[in-house]
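A.B. asks: I'd like to go over a predicted model; first the sequence, then the structure.
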Amino acid sequence: MPTKSKTSYVAAITNKDDIVCADNKSPAASKTISCLFVIAATCLVLLFVGIHNAWDTVTYIAIGRAANNNVSTSEKPSQTGS
C-alpha cells in the first residue's frame, strides 16, 4: 500500500482550499457555529423541560399524599361505647 510522503501531506494542509474552517468568515465556519448554538439551545430547553417535569411530579406526589392523610384522619370511625 503506497503511503504519502511528508511533503505532500504538508502541502495538503497548507492549501487554504482543503481547510474547511480556516477563518470565521468562511460560510462553513458560520454554519458550524450556528449549528453548535442550536444544539446548545436545544440542550438547555430539554434540561429546563426535564426540571419542570420533575418539579411537577414531586408536587403531585406531595399533594396527593397530603390529601390522602387528611382524608384518612377525618374518616376515622368514632369510638362511642354503645
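C.D. replies: Received the coordinates, thanks.
A.B. asks: I'd like the average pLDDT over stretch 65-82.
C.D. replies: Averaged over stretch 65-82, pLDDT sits at 68.
A.B. asks: scratch that, stretch 28-47
C.D. replies: For stretch 28-47, mean pLDDT rounds to 92.
A.B. asks: tally up the residues packed near residue 32, please.
C.D. replies: Number of residues near residue 32 (other CB atoms under 10 Å) recorded here: 14. Every residue, glycine included, has its C-beta placed from N, CA and C.
A.B. asks: work out for me the element it sits within.
C.D. replies: helix 27-74 (DSSP states H and E).
A.B. asks: which elements pack onto that helix?
C.D. replies: Of the remaining helices and strands, none touches helix 27-74 by 3 or more CB pairs under 8 Å, 6 or more residues apart in numbering; DSSP states H and E.
A.B. asks: for residue 51, see how far away residue 37 is.
C.D. replies: 21 Å (CB to CB, to the nearest Å).
A.B. asks: residue 57 now?
C.D. replies: Relative to residue 51, residue 57 is positioned 11 Å away (criterion: CB to CB).
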